[in-house]
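Asks: Prediction below, plus the sequence it came from.
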There are 2 protein chains.
Amino acid sequence: MNIAVLLFDDFETLDVFGPVEVFGRLVDLYNITFYSLNGGQIKNRHGVSILTAKLEEVNKNLEIFIIPGGLGTRKEVENKLLRDKIKEISIFSKFVLTVCTGSALLASTGLLDNKTATSNKRAFSWVITNGTNVNWNKKARWTIDGKYYTSSGVSAGIDMVLGFISDRHGIEFARRIAFEIEYNWMEDKDNDTFKVE
Amino acid sequence: MNIAVLLFDDFETLDVFGPVEVFGRLVDLYNITFYSLNGGQIKNRHGVSILTAKLEEVNKNLEIFIIPGGLGTRKEVENKLLRDKIKEISIFSKFVLTVCTGSALLASTGLLDNKTATSNKRAFSWVITNGTNVNWNKKARWTIDGKYYTSSGVSAGIDMVLGFISDRHGIEFARRIAFEIEYNWMEDKDNDTFKVE
C-alpha cells in the first residue's frame, strides 16, 4: 500500500515520525513518500529539514494519506491552495489518517462534517472552530469513522497506526510491532489517559 | 544547550525523532542540529531524507551528542572514520546519549569500557560483541554512568530523554512534557517492561 505523508512548515516532529516508524517496520507492505504543496525541503522549529515531493504528484490510487499536526496548522488552515489539495487527495485516498491538530486541517475542508473525530486534548477549543459540524470526541485516544482515522495528540498517532495495523492484519500482528519498538501501546481507542472531561 | 544528532544511512526513525520531539519542545533551552560524516541528505528505508551538516563542523563546546540506532549501525561499526569522529566528539561533549543499537556504535570506540550501558533487548547478542568490557544491563529502560546515558530500543529513547530532562530540570518539568506529548512515560529507568531475563 502506498502512503503519502503531508508535510508543511512547523509540522510536529513526532506526529509524523511515530506513524512513519510503525508503517516503516512493514517495508514489504507499505511504501512511504513525503509530500508538500510545493515540494523541496520542509522545515520545523526542531531543526528538522525533510525532502518532499509535490502534492500534485500523489498517485490517484493512493491507499493512505497521513495529515500531521503542529503549530504550522494554525497558518495552513488559512491556506486555500493547500486545503483544496488536501480535500482532493482525501476524497480519492482509500484511507485518511490525521494526528493531533491535523484533524483541524482535514475538518477545514468539510470532509469531517457529521463524522466522529478527535484531536490534541489541549488544542480542542481551537480545533473545533475549524469544523463546527464535526462530532468531536474528547475522550478517545483515536476515532474511526468510515475511512477516516483521527488521533489525539502527538504520541497518540503511534497508538492509532497500531490500531490501523490491527484492523488490517490482526491485533497480534500489531502487538508484535509495538513489542519490537518497545512501545506501550494504548490499545483502547475509546479511553485516552489524557482525555478531557 | 547545543544538541548534535548523529545521522547515518538506515538510522531508525523513532530513535532520532522521539528524543528530538522531547528536546524540541524546549526550544528556548535546547538547539538541535543534525550531522553526518559527510553532510548532505541522509536517508533511511522508511523514505525519510534529512538534511545534515558535516560532523567536523560540530562545535567543541557541545553539550549533548545523540547517537541513534538502526540497521545502519551494523555497517557503521566497521566505519573507522565515523568511529574516530564519534569518539572525538563524545570526549568533548558534556553529555552523550545513545538510543537502541546506538550504544553498539559508542561501545565500538572503547569509551563505554567498564561503564554500565544498555541497548535494544532484541539485538543484545550482537550489541555486546561491540564492547566486551562494557557492563551491559539487560533489565534497564535506560542507564546513566557519568556523562553517558544509554537507552533500550526505539521508544525507550523518549523515556531516557524525559529522564535526562528530569535530572536537569526536575521530575515535574519532565512530567509536564510527557503530558503535553500525551506520552505514557516509563519513569523507572531500572525496570524495563521489555527487559530480557
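Replies: Looks like it came in fine.

Asks: Past the lowest-mean-pLDDT helix or strand in chain A, which element shows up next along the chain?
Replies: Of all the helices and strands that make up chain A, helix A:124-127 has the lowest average by mean pLDDT, DSSP states H and E, namely a mean of 93. Note on helix A:124-127: by DSSP states H and E, the next helix or strand toward the C-terminus is strand A:135-136.

Asks: Can you give the strand pairings for that next one, parallel or anti for each?
Replies: The strands beside strand A:135-136 in its sheet (DSSP bridges) come out as strand A:116-117 (parallel).

Asks: List the contacts of the strand it pairs with.
Replies: The contact list for strand A:116-117 (CB atoms under 8 Å, 6 or more residues apart in numbering or on different chains) reads A:98, A:103, A:106-107, A:131, A:134-137, A:143, A:145, A:148, A:150. (C-beta placed from N, C-alpha, C; glycine too.)

Asks: is the least confident helix or strand of chain A anywhere near chain B?
Replies: No: using CB under 8 Å from any CB of the partner chain, we find that helix A:124-127 stays clear of chain B, coming within 12.5 Å at best.

Asks: Return the set of buried residues in that helix.
Replies: A:124, A:127 (16 or more other CB atoms under 10 Å in any protein chain shown).

Asks: Tell me the secondary structure of the closest residue to A:Ile91 other than its chain neighbours, please.
Replies: Once flanking residues are discounted, A:Ile91 sits nearest to A:Leu111: 7.3 Å by CB to CB, 6 or more residues apart in numbering or on different chains. Following DSSP: H, G, I helix; E, B strand; the rest coil, we place A:Leu111 in the coil state.

Asks: could you measure A:Leu111 against A:Ala117, distance?
Replies: Distance of A:Leu111 to A:Ala117, computed by CB to CB, to the nearest Å: 10 Å.

Asks: Between the two, tell me which one has more neighbours.
Replies: Set A:Leu111 next to A:Ala117 and count neighbours by other CB atoms under 10 Å in any protein chain shown: A:Ala117 wins out with 27 against 18.

Asks: Which residue is the nearest non-sequential neighbour of the more buried one?
Replies: Of all residues not flanking A:Ala117 in the chain, A:Thr150 sits nearest, at 4.2 Å (CB to CB, 6+ apart).

Asks: Just to check, that neighbour is in contact with A:Thr98?
Replies: Yes: A:Thr150 lies in contact with A:Thr98 (CB atoms under 8 Å); the separation is 4.7 Å.

Asks: got any residues that touch both of those two?
Replies: By CB under 8 Å, 6+ apart, the residues touching both A:Thr150 and A:Thr98 are A:106, A:117, A:119.

Asks: okay, the residues you listed in a markdown table with pLDDT next?
Replies: Shown next, in a markdown table, are the shared contacts of A:Thr150 and A:Thr98 (pLDDT from 0 to 100):
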| residue | pLDDT |
| --- | --- |
| A:Leu106 | 98 |
| A:Ala117 | 98 |
| A:Ser119 | 95 |
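
Asks: what ranges do the helices span in chain A?
Replies: Assigned by DSSP state H, the helices in chain A fall at A:13-24, A:73-76, A:80-92, A:102-107, A:124-127, A:156-169, A:171-180.

Asks: Looking at A:Glu197 now. What's its pLDDT?
Replies: Per-residue confidence (pLDDT) for A:Glu197: 62.

Asks: so A:Thr33 touches A:Leu7, yeah?
Replies: No: shown here, A:Thr33 and A:Leu7 do not form a contact pair, counting by CB under 8 Å, at 10.6 Å.

Asks: Of the two, which one has the most company?
Replies: Comparing A:Thr33 with A:Leu7 by neighbour count (other CB under 10 Å), the higher total belongs to A:Leu7, at 24 against 15.

Asks: Quick check: closest non-adjacent residue to that one.
Replies: In space, A:Leu7 comes closest to A:Ile42 once its chain neighbours are excluded; the distance is 4.3 Å by CB to CB, 6+ apart.

Asks: before we move on, the earlier item: report the buried members of the contacts of strand A:116-117.
Replies: Neighbour counting by 16+ other CB under 10 Å classes A:98, A:103, A:106-107, A:131, A:134, A:136-137, A:143, A:148, A:150 among the contacts of strand A:116-117 as buried.

Asks: Quickly list what the spatially most central residue of chain A is bridged to.
Replies: By CA atoms, centre = their mean, chain A has its centre lying nearest to A:Thr98, at 2.4 Å. In this entry, A:Thr98 is beta-bridged to A:Ile67, A:Thr150, by DSSP bridges.

Asks: Need the pLDDT of it.
Replies: We have a pLDDT of 98 for A:Thr98.

Asks: Listing request: residues of chain A with sub-threshold pLDDT.
Replies: Applying pLDDT under 70 to chain A flags residues A:196-197.

Asks: Could you export the least confident helix or strand of chain A as PDB, CA atoms only?
Replies: C-alpha atoms of helix A:124-127 as PDB (Å, rounded to 0.1, in the frame of the first residue of the first chain):
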ATOM      1  CA  PHE A 124      -9.500  21.300  21.400                       C
ATOM      2  CA  SER A 125     -11.100  24.700  21.800                       C
ATOM      3  CA  TRP A 126      -9.200  25.900  18.700                       C
ATOM      4  CA  VAL A 127      -9.600  22.700  16.700                       C
END
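
Asks: helices and strands around it, which ones?
Replies: helix A:102-107 (3 or more CB pairs under 8 Å, 6 or more residues apart in numbering or on different chains; DSSP states H and E).

Asks: which helices and strands sit right next to the helix it packs on?
Replies: Counting by 3+ CB pairs under 8 Å, 6+ apart, the packing neighbours recorded for helix A:102-107 are strand A:64-67, helix A:73-76, helix A:80-92, strand A:95-98, strand A:116-117, helix A:124-127, strand A:148-151.
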